[in-house]
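> build me a model:
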Amino acid sequence: MSYNKQNIIIYIVFILIAFIGINFGNAIYEKYNNLRIWQFENILMLAIGIPFLFLQTKAGIPNFIDEQVQNKKRFLQPFLIGVVFGLLDVFVIKILQHPTPYTELPPFLQPFPYSIFLYISGAFEIEVFYRLIPMTTILVIGQWISKGKFFNYFLWTAILLTSIREPLEQMPSGSNWFICYSLLTGFLMNYLQAIYYKNAGFLATLSIRLGHYLFWHILLGVYVQFIELNSF
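Okay, the predicted model is just below:
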């Protein structure tokens, strides 16, 4: 099977997860307050990323299941990096800033097991629009201009721009130290994601975010829902 077909199949699998999540959310909507549910328009938006699946090789990026990339570099290493960032957020935001039990699920947490579908889809969407589309575009242009003579300039431009985007867009309010923490960890995680995207492909950068979301959104949500709120 060609790399392009593999890319498309994997991409479609994540779209199906999002589709299941939408239907799951609509089925339990009346049971929960502040349930976050995707619209079907979100799935249509994800289709924008499909043409970029055919440009991975031209951009100098490994394909989703590239044989030259070891699975530990594509999945294990980046996933563990994401876990570290997730545990840091749990420690700083939950343990240090909000040690008292929640009286309801906060907006960044959703009921389990619905949270699995929502945050897998959310991680996928972010990586499509923060990495797949912008970095592929910039790197393809870098390969094309002067036959790649200035490619490294385009590479580092892409890395830095995609690293700073999320922390700036999601800059929190609060004390100066917390704002600095959010900016620093947000930049560092996105920087590592950009590096892994270039060296190991899309599934590597997605693995970092999934590792982060596993602890920060899903497992913390399980703890709050079933321990602090006793919602068995």
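
> which ones are touching G86?
G211, H212, Y213, L214, F215, W216 (CB atoms under 8 Å, 6 or more residues apart in numbering). Yep, even glycine has a C-beta here, placed from its N, CA and C like the rest.

> how about it: what's its closest non-neighbour residue?
F215 (3.2 Å; CB to CB, 6 or more residues apart in numbering).

> wait, the one you found touches V90, no?
Yes. Between F215 and V90 there is a contact under CB atoms under 8 Å: 5.8 Å.

> residue nearest the centroid of this protein?
Nearest residue to the geometric centre of the chain (CA atoms, centre = their mean): A123, 3.1 Å.

> for I218, see how far away V83 is.
Separation of V83 from I218 (CB to CB, to the nearest Å) stands at 12 Å.

> neighbour count for the two, which is higher?
I218 (21 against 17; other CB atoms under 10 Å).

> next, count neighbours for the residue nearest to G86.
19.

> need phi/psi at the residue nearest to the centre of the chain.
For A123, the backbone dihedrals are phi -60, psi -40 (criterion: degrees, to the nearest 10).

> check which helix or strand covers the nearest residue to it once chain neighbours are set aside.
Computed as CB to CB, 6+ apart, the closest residue to A123 that is not its neighbour in sequence is R209, at 4.2 Å. Assessed by DSSP states H and E, R209 sits inside helix 202-213.

> what is the burial count for H217?
The number of residues packed near H217 is 22, by other CB under 10 Å.

> give the contact list for it.
H217 makes contact with F108, L109, Q110, S115, Y119 under the criterion CB under 8 Å, 6+ apart.

> can you pull the pLDDT of Y32?
In this model, Y32 is scored at 89, pLDDT.

> doesn't S115 make contact with it?
No. In this structure, Y32 is not within contact of S115 by CB under 8 Å, at 10.9 Å.
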